[in-house]
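Asker: missing the sequence, but the structure's below:
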């Protein structure tokens, strides 16, 4: 199936942005052999090749693999699997109440997982899920827990210190409801209901949201629809939990959309890759809380999109897979927060994109998605 079909799956209004780079991609090919830190090893085969699924590391150390899209069948998935770090095997773990892909999954303090938004049904239907659901890891069952005011995908969900979850941005499926799409919502664990939480100054999707130590949430970059197409944003906004309002944040050095944001131990945030324009990929930069500003850092060995970024023990950040401007890649890099430089890591077993990564308790990183075979990076 052409990779642009996957872009269509998230909603017709999002096709242009997600397909901008995807249209250039060739079929997946693994990269050649190389030498670098760590090793990738095969670790279990899932029931289906998922794209746009979520991974949640449960309190018992197992990883919940939920939903996503089956590209070959052209449908979203309701199925859930558990991956066991002791055996490296997948086991079936029931179904979501709603098939969904491109959703958010938020691990709550009590071990439950909140799923919000995403596409549902089959690709041709262009539907988004309104109902959120709460997954109980003790029974592997899901129950509906409130409905969004506005259906959305390509949004963010941020767990706040008081247990509420902030939902920001995304597409609402209409492609025109810019004001509605800019509305944020808060999910309350006490009531299981959503309430209004302010309005973004700039409607956006494919952005990132990072919880700051003082309780505020930093919203970075993303993509905004225009009458003639879309723009990639270099703007940021900050959400205040006291007033439930957004205010302008410091500008990025360059625009970033569908990028990753990784919070470091020293409070800085690494912004990596994604789009910088409809036809170009972005590099990397860091937000510094001491100066409340962004600055460029070392140039990555490869500019990429639809990758994953995971902070590993020792503070380095592992960048895995995704695409460059021509193909899906099987390369990985490590970014060092002390030197600000990127170095090649060991090559992956399989090139993949639209995957997900999870840091395990023993310091390994689980990579799932794009193909049924999972793999684990060991430092």
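Answerer: Okay, I see it. Remember, it's a predicted structure, so these values are computed and weren't measured experimentally.
Asker: I'd like the distance between residue 153 and residue 236.
Answerer: From residue 153 across to residue 236, the span is 21 Å (C-beta to C-beta, to the nearest Å). To be clear about C-beta, it is placed using only N, CA and C from the backbone, and glycine gets the same treatment.
Asker: looking at these two now, which is surrounded by more residues?
Answerer: residue 153 (27 against 23; other C-beta atoms under 10 Å).
Asker: ranges for the helices of this structure?
Answerer: Under the criterion DSSP state H, the chain carries helices at the ranges 3-9, 15-22, 178-182.
Asker: those helices: lowest mean pLDDT?
Answerer: Mean pLDDT values for these show the minimum at helix 3-9, a mean of 37.
Asker: and the gap between residue 340 and residue 299?
Answerer: Residue 340 is 10 Å from residue 299, by C-beta to C-beta.
Asker: of the two, who's got more company?
Answerer: Between residue 340 and residue 299, residue 340 has the larger neighbour count (other C-beta under 10 Å), namely 14 against 11.
Asker: just checking, the more buried one touches residue 298?
Answerer: Yes: counting by C-beta atoms under 8 Å, residue 298 is a contact partner of residue 340 at 4.9 Å.
Asker: where does pLDDT dip in the stretch 1-150 of the chain?
Answerer: Residues of the stretch 1-150 of the chain meeting the criterion pLDDT under 70: 1-36.
Asker: just the stretch 201-350 of the chain next, same as before
Answerer: For the stretch 201-350 of the chain (pLDDT under 70), the answer is none.
Asker: which residues in the stretch 1-150 of the chain form strands?
Answerer: 39-45, 54-57, 63-66, 69-70, 75-76, 79-84, 89-95, 104-107, 113-116, 119-120, 127-128, 131-136, 141-147 (DSSP state E, counting those that start in this stretch).
Asker: who does the first one pair up with?
Answerer: The sheet places strand 39-45 alongside strand 371-378 (antiparallel), with pairing taken from DSSP bridges.
Asker: chain center to the strand it pairs with: distance?
Answerer: Distance, stretch centre to chain centre, for strand 371-378: 18 Å (C-alpha atoms, centre = their mean, to the nearest Å).
Asker: who touches residue 182 in this structure?
Answerer: Contact partners of residue 182, counting by C-beta atoms under 8 Å, 6 or more residues apart in numbering, are 169, 199-204.
Asker: at 10 Å what do you get?
Answerer: By C-beta atoms under 10 Å, 6 or more residues apart in numbering, the residues touching residue 182 are 150, 168-170, 172, 198-204, 224, 246.
Asker: in strands, which of those appear?
Answerer: Within those, residues falling in strands by DSSP state E are 168, 198-199, 224, 246.
Asker: for those residues, which single residue is the most surrounded?
Answerer: residue 168 (27 neighbours).
Asker: for it, give the beta-bridge partners.
Answerer: residue 156.
Asker: surely residue 208 meets residue 273?
Answerer: No: Residue 208 is beyond contact range of residue 273, at 11.2 Å (criterion: C-beta atoms under 10 Å).
Asker: got any residues that touch both of those two?
Answerer: 256-260.
Asker: distance of residue 256 from residue 48?
Answerer: 31 Å.
Asker: ok, residue 132 touching residue 98?
Answerer: Yes: counting by C-beta under 10 Å, residue 132 sits close enough to residue 98 to count as a contact (9.2 Å).
Asker: endpoints of stretch 117-124, how far apart?
Answerer: End-to-end span of stretch 117-124 (C-alpha to C-alpha, to the nearest Å): 18 Å.
Asker: oh, that last question was meant for stretch 296-310, not what I typed.
Answerer: Start-to-end, stretch 296-310 (C-alpha to C-alpha) is 19 Å.
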